[in-house]
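> Quick one, what's the 3D model for this:
(chains A and B)
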2 protein chains.
Amino acid sequence: MKTTIIGLGLIGGSMALDLRKAGVATILTGIDSSETNGSKAVELRLVDSIEDEGKALSTADLVIVAIPVNASRAFLPAILDQVKKDAVVIDTGSTKNLICKAVERHPKREQLVAAHPLAGTENSGPTAAFEGLFNGKTNIICEQDKSSDHALRVAKHVFNTLGMNTIFMEADEHDKHVAYVSHLSHVSSFLLGQTVLDIEKDKKNIFDLAGSGFASTVRLAKSSPDMWAPIFEQNSEYLSQALAEYIMHLQKFHYHLMKRDTKELHNIMVKANEIRRILDSEAPKREPIAVKS
Amino acid sequence: MKTTIIGLGLIGGSMALDLRKAGVATILTGIDSSETNGSKAVELRLVDSIEDEGKALSTADLVIVAIPVNASRAFLPAILDQVKKDAVVIDTGSTKNLICKAVERHPKREQLVAAHPLAGTENSGPTAAFEGLFNGKTNIICEQDKSSDHALRVAKHVFNTLGMNTIFMEADEHDKHVAYVSHLSHVSSFLLGQTVLDIEKDKKNIFDLAGSGFASTVRLAKSSPDMWAPIFEQNSEYLSQALAEYIMHLQKFHYHLMKRDTKELHNIMVKANEIRRILDSEAPKREPIAVKS
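Next up is the predicted model:
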């Protein structure tokens, strides 16, 4: 398939690598708003060439959209306008509600698969891309009923090739869940980094004391603000709920800490330990993606 | 050296493995309040045998104390009482202020080195011990002036053998710094786990949506409450400050999120990104531990 990747960063670039390796993408062209990223992506052989938008979109069999969610929301209608009739467009953004709304009445809506492959690192840009990023991770497809059988079949082939387990969810349910298990983690980490930077004027001490625990908790604070600010904006309602609950839990802990109620602190930690059982459990076996027949 | 390890968990057990391998510990005996842990440690060959406290302490050249900080504070005076005149005792607890105070007037104070090797995982108990846990990590020694040259020399040998870089700090300074870069991370992670558990009644969704970002941020929520409750209690004053500042930062973020002030959210994240520069920087070269001559 002739494949066009819009957004040659960690997600788009890593998909390009895996899809080329598997022979799914035979010709790979790229579109990126940054000329530097475009050249870098060609130099790294993520894509064969950079083409202008009109040509890249009108000739592609498969278009993968891996740009910040505000850009997805703004440009998806125009992307659908330009693709040919049997082309398939896969959006990979981390929010789905507003993105799906932006194209709900588009005449080519059924050519779009609204997906969210749950994979990433704290790094961004074409140099961050690597083979195998998606392997063994979960992919979410939203509003599957609004995609055609053909589009879902192609998307299934793509995500199976990447080694992902796909599950299905409504867009609103998706946004709520990721507010808690992904977006809140990022906020927690950004502000932990900020708090430690604020207090530790002598930067050397941060390094000295940064045991692996701190490094792991604060890793996400290295993430790209250009990518995350629009995600937080689009998911502000659910993220706001999640953040309010998190702050409430921290305040309760703070209260017991100040009261020196060590027994209650212990109880809270025992409950939080339950996360171990869940995270360490075996990955549930999944059915291959069901396609409407 | 005949070495006695008090507390055969992750820290004590991992030290035993490295010290035996390097030939520093020739005979290894263990003391543990749990009989099960004691037998397991012998079975895993962390130590050669479990001895009763009186014998294990009175015959050891080196005693390593790796027990919860409330136990260290309570038992260190009695441990010093029982060791022979040229024996060296190394405490490894994660708080130092109250532990140092507990022995400040002890006649054998100079036989003690108050240390904090900054290493660990979210796992605990003898089965969690492994070779190389400490390699390349930072060790802190507090109140070095209160330890004898001999005790510091032995401690230097031990921590160099483990591959650690040692730095020196006052006990109070230590407790303040670790409140921010270690203890706060743990609180942040415990409560993040709790928040997600609270909302996600359908546990399968947590697993499905747990991208590597969430798993990394919440990893410390798996840590042992028996170990952490006493740490939080002993460092409640500094941790309380750190937690108040963290909550304040989260509340400011929440405010801007609700106001849909995406530009300000972006600014906050750009500032937090500075943590990358610090964490990714080269480890500074350190002088070998200076010993009073």
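> What segments of chain A are helices?
Assigned by DSSP state H, the helices in chain A fall at A:10-21, A:35-43, A:53-58, A:69-82, A:97-102, A:149-161, A:171-178, A:184-199, A:203-209, A:212-218, A:225-234, A:236-258, A:262-272, A:274-279.
> Can you point out the buried residues in the third one?
Read it as helix A:53-58. A:56-57 (16 or more other Cβ atoms under 10 Å in any protein chain shown). Using the backbone N, CA and C atoms, a C-beta is placed for each residue, glycine as well.
> Beta-bridge partners for A:Ser49, please?
Here A:Ser49 shows beta-bridge partners A:Thr29, assigned using DSSP bridges.
> what's the burial count for it?
By the criterion of other Cβ atoms under 10 Å in any protein chain shown, A:Ser49 has 12 neighbours.
> Quick check: it touching A:Ala41?
No - the pair A:Ser49 / A:Ala41 is not scored as a contact, 9.7 Å apart, by Cβ atoms under 8 Å.
> which residues are common contacts for these two?
By the contact definition Cβ atoms under 8 Å, 6 or more residues apart in numbering or on different chains, A:Ser49 and A:Ala41 are jointly contacted by A:Gly30.
> Return the member of the helices of chain A having the minimum mean pLDDT.
With a mean of 66, helix A:203-209 has the lowest mean pLDDT of those.
> So which residues on the stretch 51-200 of chain A come close to chain B?
With Cβ under 8 Å from any Cβ of the partner chain as the criterion, the stretch 51-200 of chain A meets chain B at residues A:118-122, A:137-138, A:140, A:167, A:177-178, A:180-182, A:184-200.
> For stretch A:34-44, buried residues please.
Neighbour counts using 16+ other Cβ under 10 Å place A:37-38, A:40-42 of stretch A:34-44 among the buried residues.
> again, but for stretch A:250-258
Residues of stretch A:250-258 classed as buried: A:250-251, A:253-254, A:256-257 (neighbour count, 16+ other Cβ under 10 Å).
> chain center to that stretch, what's the gap?
Distance of stretch A:250-258 from the chain centroid (Cα atoms, centre = their mean, to the nearest Å) equals 33 Å.
> anything in that stretch near chain B?
Yes - Stretch A:250-258 lies within reach of chain B by Cβ under 8 Å from any Cβ, at A:250-251, A:253-254, A:257-258.
> on that earlier part again, turn the buried residues of stretch A:250-258 into JSON lines, including distance to A:Ser148.
As requested, these are exported to JSON lines (distance: Cβ to Cβ, whole Å):
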{"residue": "A:Leu250", "distance to A:Ser148": "46"}
{"residue": "A:Gln251", "distance to A:Ser148": "49"}
{"residue": "A:Phe253", "distance to A:Ser148": "50"}
{"residue": "A:His254", "distance to A:Ser148": "52"}
{"residue": "A:His256", "distance to A:Ser148": "55"}
{"residue": "A:Leu257", "distance to A:Ser148": "56"}
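> Closest to A:Ala151 out of those?
Using Cβ to Cβ, A:Leu250 comes nearest to A:Ala151 of the buried residues of stretch A:250-258, at 43.5 Å.
> A:Gly30 reaches A:Leu44, doesn't it?
No - between A:Gly30 and A:Leu44 there is no contact under Cβ under 8 Å: 10.7 Å.
> end-to-end on stretch A:161-170?
Separation of the first and last residues of stretch A:161-170 by Cα to Cα, to the nearest Å is 24 Å.
> Could I get the buried residue list for that stretch?
By neighbour count with 16+ other Cβ under 10 Å, stretch A:161-170 contains the buried residues A:161-162, A:164-169.
> repeat for stretch A:189-201
Quick answer for stretch A:189-201 (16+ other Cβ under 10 Å): A:189-197, A:199-200.
> Equivalent analysis for stretch A:10-24, please.
A:10-20, A:24.
> again, but for stretch A:104-114
A:106, A:108-114.
> which one is the spatially most central residue of chain A nearest to, not counting chain neighbours?
Residue closest to the average C-alpha location in chain A (Cα atoms, centre = their mean): A:Ser94, at 4.3 Å. Of all residues not flanking A:Ser94 in the chain, A:Ile231 sits nearest, at 5.0 Å (Cβ to Cβ, 6 or more residues apart in numbering or on different chains).
> since we're on that neighbour, how many residues are nearby?
Neighbours of A:Ile231 (other Cβ under 10 Å): 24.
> ok so, going back, let me have the helices of chain A in CSV, adding distance to B:Ser216 as columns.
Shown next, in CSV, are these (distance: least, Cβ to Cβ, whole Å):
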stretch, distance to B:Ser216
helix A:10-21, 16
helix A:35-43, 26
helix A:53-58, 35
helix A:69-82, 22
helix A:97-102, 26
helix A:149-161, 23
helix A:171-178, 16
helix A:184-199, 8
helix A:203-209, 18
helix A:212-218, 5
helix A:225-234, 16
helix A:236-258, 17
helix A:262-272, 16
helix A:274-279, 11
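> For B:Gln82, find the nearest of those.
helix A:262-272 (28.2 Å).
> Just the CA trace of the closest one, in PDB.
What follows is helix A:262-272, C-alpha atoms only, in PDB (Å, rounded to 0.1, in the frame of the first residue of the first chain):
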ATOM      1  CA  THR A 262       0.800   6.600  61.000                       C
ATOM      2  CA  LYS A 263      -1.800   3.800  61.200                       C
ATOM      3  CA  GLU A 264      -4.000   5.600  58.800                       C
ATOM      4  CA  LEU A 265      -1.100   6.300  56.400                       C
ATOM      5  CA  HIS A 266      -0.400   2.600  56.500                       C
ATOM      6  CA  ASN A 267      -4.000   1.800  55.700                       C
ATOM      7  CA  ILE A 268      -4.000   4.100  52.700                       C
ATOM      8  CA  MET A 269      -0.800   2.500  51.400                       C
ATOM      9  CA  VAL A 270      -2.100  -1.000  51.800                       C
ATOM     10  CA  LYS A 271      -5.100  -0.100  49.700                       C
ATOM     11  CA  ALA A 272      -2.900   1.500  47.000                       C
END
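> so what's A:Glu233 up against?
Neighbour list for A:Glu233: A:70, B:260, B:262, B:265 [criterion: Cβ under 8 Å, 6+ apart].
> quick one: it from A:Met169, how far?
Separation of A:Glu233 from A:Met169 (Cβ to Cβ, to the nearest Å): 21 Å.
> Ok, A:Ile27 next?
Relative to A:Met169, and taking Cβ to Cβ, A:Ile27 is found at 33 Å.
> repeat for A:Gln251
In terms of Cβ to Cβ, A:Gln251 sits 31 Å off from A:Met169.
> and what of A:Gly23?
Relative to A:Met169, A:Gly23 is positioned 30 Å away (Cβ to Cβ).
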